[in-house]
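Asker: this one's sequence-less:
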């Protein structure tokens with residue numbers, strides 16, 4: 001994407017701690033010299049109060065126009081019949097690739113060191129396709145249908161191998177349950193192996209999902225890029241985040257041909273909203289991914305150096321990561337580090 005003009009970003013500040021961490025990240029982006037302008041849009045519980053819809057048409061139209069969004073955490077209204085706004089966004093814009101990097105950061109408490117795993121998750125199919133209904137008298141049972149298509153499998157696996165090649169990764173692990181789900185997961189595995197054969201420069205293996213969970217907690221260094229279906233990817237990406245310190249340092253990108261949405265993958269944490277102690281790291285790392293997507297790699301590098309400085313210093317790191325700081329102290333520290341060249 002050309003950087004000759006200033007991109008307009010659809011900014012969804014979100015619910016709970018979302019506005020606080022969004023404000024912090026906008027300050028970091030400004031300090032890093034990112035060339036961006038923002039169009040603020042509602043979504044989630046806040047949008048429901050104002051627009052009687054957790055995903056208003058104005059928000060859909062903005063993302064359609066701008067093609068890129070930065071999104072804070074959203075709360076899906078409970079007991080109201082609304083489905084997840086995140087799922088709705090992914091399906092509306094066909095954001096088929098969910099990319100979740102997990103990296104060990106110096107200073108962040110963790111049981112492991114030197115973890116560097118990227119999970120590429122198919123984002124629109126599988127059990128999250130939304131095909132479910134009650135069966136039997138009196139809702140005595142419920143049925144959900146997992147849809148795995150050849151088309152969806154091929155494009156996500158190809159994305160994973162292209163990602164590995166582009167980022168000079170050495171290996172892609174295909175995660176599945178084809179030993180039991182022989183048709184749906186069998187189709188995914190069949191397609192994945194066919195795609196893998198087109199990338200002789202990249203190693204690959206296939207691992208049954210339960211074995212993958214065990215190996216990830218025993219030998220995370222054996223994994224590089226993981227590609228898998230929607231449900232397994234949802235679970236594994238959070239497990240892998242736990243290897244590097246939790247969701248507070250775990251960004252996410254939802255990518256497709258029509259749009260790209262970058263987000264913090266943690267919740268809205270309403271219990272600490274307004275207290276000034278929220279950790280903006282995950283959203284800041286998502287913003288770094290966004291800058292790379294926009295071709296602003298120099299600004300992305302400055303932002304990352306600032307974040308690393310903040311995380312490495314106990315006085316600047318937020319308390320959820322074992323530090324002493326609040327949101328403002330961390331944000332100011334990151335911005336100062338950017339200003340001093342990291």
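Answerer: All right, it came through fine. Computed from a prediction, not measured in an experiment: that's the story for all the values here.
Asker: residues in contact with the residue nearest to the spatial centre of the chain?
Answerer: Centroid check for the chain by CA atoms, centre = their mean gives residue 252 as the closest residue, at 1.6 Å. With contact set as CB atoms under 8 Å, 6 or more residues apart in numbering, residue 252 has these partners: 98-100, 237, 262-265, 286. Any C-beta I mention is one placed from the backbone N, CA and C, and that applies to glycine too.
Asker: start to end distance for stretch 46-66?
Answerer: This stretch, stretch 46-66, spans 22 Å end to end (CA to CA, to the nearest Å).
Asker: go through that stretch and flag the buried ones.
Answerer: Neighbour-count burial for stretch 46-66, with 16 or more other CB atoms under 10 Å as criterion, is recorded at 46-48, 54-56, 59-60, 62-63, 66.
Asker: what's next to it, contact-wise?
Answerer: With CB under 8 Å, 6+ apart as the test, stretch 46-66 has contacts from 7-10, 12, 14-15, 39, 41-45, 69, 74, 76-77, 80, 82, 85, 88-89, 92-93, 258-259, 261.
Asker: centroid-wise, who is the farthest residue in the chain?
Answerer: residue 137 (39.9 Å).
Asker: which stretches in the stretch 201-342 of the chain count as helices?
Answerer: Under the criterion DSSP state H, counting those that start in this stretch, the stretch 201-342 of the chain carries helices at the ranges 209-218, 230-243, 281-293, 297-312, 327-339.
Asker: report all helices and strands that the first one contacts.
Answerer: In this structure, helix 209-218 makes packing contacts with strand 171-176, helix 230-243, judged by 3 or more CB pairs under 8 Å, 6 or more residues apart in numbering; DSSP states H and E.
Asker: again with the third one
Answerer: Contact analysis of helix 281-293 by 3+ CB pairs under 8 Å, 6+ apart lists helix 18-31, strand 68-71, strand 97-103, strand 251-255, strand 260-264, helix 297-312 as its packing neighbours.
Asker: now the angle from it to strand 260-264?
Answerer: Helix 281-293 and strand 260-264 meet at an angle of 160 degrees, taking axes from the mean of the first three to the mean of the last three CA atoms, to 10 degrees as the criterion.
Asker: any idea how far helix 281-293 is from the chain center?
Answerer: When C-alpha coordinates are averaged (CA atoms, centre = their mean, to the nearest Å), helix 281-293 and its chain have centres 10 Å apart.
Asker: show me what contacts residue 319?
Answerer: Neighbours of residue 319 in contact, by CB under 8 Å, 6+ apart: 277, 325-326.
Asker: my bad, residue 261
Answerer: 63, 68-71, 89-90, 93, 95, 253-254.
Asker: ok, now residue 237?
Answerer: Residue 237 sits in contact with 98, 100, 102, 119, 121, 250, 252, 265, where contact means CB under 8 Å, 6+ apart.
Asker: what about the first one, how many neighbours?
Answerer: When counting by other CB atoms under 10 Å, one arrives at 25 neighbours for residue 98.
Asker: the fourth one too?
Answerer: Taking other CB under 10 Å as the neighbour definition, residue 119 ends up with a count of 28.
Asker: for the helix or strand encompassing it, what does the pLDDT average out to?
Answerer: For residue 119, the host element (DSSP states H and E) is strand 116-122. Averaged over strand 116-122, pLDDT sits at 98.
Asker: buried residues, that strand. List them.
Answerer: Across strand 116-122, burial judged by 16+ other CB under 10 Å covers 117-122.
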